[in-house]
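>>> Output the structure for:
(2 chains)
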Protein chains: 2
Amino acid sequence: MTSASSADQVDESPTSHVTAEHPGVNELFAVLAYGEVAAFYRLTDEARMAPDLRGRISMASMAAAEMIHYELLRDALESRGVDVVTAMSRYAAALENYHRLTMPSTWLEALVKTYVGDALAADLYLEIADSLPDEVADVVRAALSETGHSQFVVAEVRAAVTASGKQRSRLALWSRRLFGEAITQAQYLLADHDELVDLLISGAGGLSQLSSFFERLQHTHDRRMRELGLS
Amino acid sequence: MTSASSADQVDESPTSHVTAEHPGVNELFAVLAYGEVAAFYRLTDEARMAPDLRGRISMASMAAAEMIHYELLRDALESRGVDVVTAMSRYAAALENYHRLTMPSTWLEALVKTYVGDALAADLYLEIADSLPDEVADVVRAALSETGHSQFVVAEVRAAVTASGKQRSRLALWSRRLFGEAITQAQYLLADHDELVDLLISGAGGLSQLSSFFERLQHTHDRRMRELGLS
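Here you go, the predicted structure:
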């Protein structure tokens, strides 16, 4: 599987290296869709650690936003003649593994995970979206649109790490681990899904660009850690 | 606490017996709001019994719709200068009791509970809405609007009870119990909240109308049981 198939085609958009018919597009929508459902159930699980009703409701609102995004992806796949449940089942293992390996043990860990995990997924997919035709990129961007819910996370985490240097070290280590597991699971996932690799390589402008792609992810993650007061 | 306070006021709407300033209105929005949050978490819990990913996703979509409705009520309370979390905490006990006393033990019981519980809550609140000023009634109706998600419940339950007379008897008893617990908990809740009682009595057109109010609820519940193939 190489990027030759897309290079053969005349591309009307200057930023797009792949077409909407690329088989990786359905796969991208499917992995995003499973990601939304997995995040929904994870948020509702982790909400059990909330110290009060207000925290539980914030998690529920974030979870609900994931399902709205899921429905966008389901509609996009259906309009492409693809059954969402069948398509996304192939991605269950990698995403469930990520969540199983990063079970938070405190409410603050759950908050950091929500923030880091959501943001990292958004970075990853938006990088890919930049190289996709507009009709596909629009679906990806809408599915990852900021809902504004995560601002309560920043405020709560910053307050906790400002008050306690021990919490700060613990949560800095925790966010480092989240980043590492996410990259590891993304690599496992890509190893099993050739169409996605091809989409990624075509989009990045060739294999040589892939390493700068991962560097950018790391860079954005570092900036986010500073926002949370964790570096 | 009597209905005299609202009877003293000139009412411009022919169907409305209470004004938007009635103290029961905030209480009504608060109990509805807690009901949405409780339903959200209950649906996500009960989704664990789903036999497959498709069922789990249907429950997640229904849960997400509850949070959208919650957000409507939160906004309505905020525009009335009321903090939703503080206001709704007073209703936690009654609603959590209902859910605790009606824990489904199978996926089919969970589906019937979703359908019956949601519909019963909607009947109850819509009856009240009919007697409220338009600006208040509109919020109630929007918060209870059909999301269309429950059609999958009807199809699945009908198929199961058509195939098994034993399931049919079990689920008929179950739905009878759900109705009984809902009415019992609603009565406990009213006993603790005078403003709501006043709203209900003012709305129903006096205490004498209250019994026909509960009769109508029973009647609509019976019709719903026939839809599910349970009578």
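
>>> Now do stretch A:85-94: everything it contacts.
Outside stretch A:85-94, the residues that touch it by Cβ atoms under 8 Å, 6 or more residues apart in numbering or on different chains are A:26-27, A:29-31, A:33-35, A:37-38, A:77, A:185-186, A:188-189, A:192-193, B:53-54, B:57. All C-beta spots, glycine's among them, are computed from the backbone N, C-alpha and C.

>>> Just the buried ones out of those, please.
Using 16 or more other Cβ atoms under 10 Å in any protein chain shown as the burial test, those include A:26-27, A:29-31, A:33-35, A:37-38, A:77, A:185-186, A:189, A:193, B:53, B:57 as buried.

>>> Now intersect the residues you listed with the strands, please.
Taking DSSP state E, every one of the buried ones among the contacts of stretch A:85-94 sits outside strands.

>>> In helices, which of those residues appear?
Among those, the members found in helices (DSSP state H) are A:26-27, A:29-31, A:33-35, A:37-38, A:77, A:185-186, A:189, B:53, B:57.

>>> And the furthest pair within the residues you listed?
Put simply, by Cβ to Cβ the two of those set farthest apart are A:186 and B:57, 23.1 Å from each other.

>>> okay, now residue A:90: neighbour count?
By other Cβ atoms under 10 Å in any protein chain shown, 15 other residues sit near residue A:90.

>>> now the one 4 residues further on
Burial of residue A:94, expressed as a neighbour count using other Cβ under 10 Å, amounts to 22.

>>> From chain B, how far off is it?
Going from residue A:94 to chain B by Cβ to the nearest Cβ, to the nearest Å gives 15 Å.

>>> Can you check the pLDDT for that residue?
pLDDT for residue A:94: 89.

>>> Quickly note the distance from the spatially most central residue of chain A to chain B.
By Cα atoms, centre = their mean, chain A has its centre lying nearest to residue A:121, at 1.6 Å. Relative to chain B, residue A:121 is positioned 18 Å away (Cβ to the nearest Cβ).

>>> And for residue A:223?
As for residue A:223, its distance to chain B is 30 Å (criterion: Cβ to the nearest Cβ).

>>> so that residue is in which element?
Secondary structure assignment for residue A:223, by DSSP states H and E: helix A:210-227.

>>> Restrict that helix to CA atoms and write it as CSV.
Below are the C-alpha coordinates for helix A:210-227, written out as CSV (Å, rounded to 0.1, in the frame of the first residue of the first chain):
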residue,chain,number,x,y,z
LEU,A,210,5.7,11.6,9.2
SER,A,211,8.3,12.3,11.8
SER,A,212,7.7,16.0,11.8
PHE,A,213,4.0,15.1,12.1
PHE,A,214,4.7,13.3,15.4
GLU,A,215,7.0,16.1,16.5
ARG,A,216,4.2,18.6,16.1
LEU,A,217,1.9,16.5,18.2
GLN,A,218,4.5,16.4,21.0
HIS,A,219,5.0,20.2,20.7
THR,A,220,1.3,20.9,21.0
HIS,A,221,1.0,18.5,23.9
ASP,A,222,3.8,20.4,25.7
ARG,A,223,2.0,23.7,25.2
ARG,A,224,-1.2,22.2,26.7
MET,A,225,0.8,21.0,29.7
ARG,A,226,1.8,24.5,30.3
GLU,A,227,-1.8,25.7,30.1
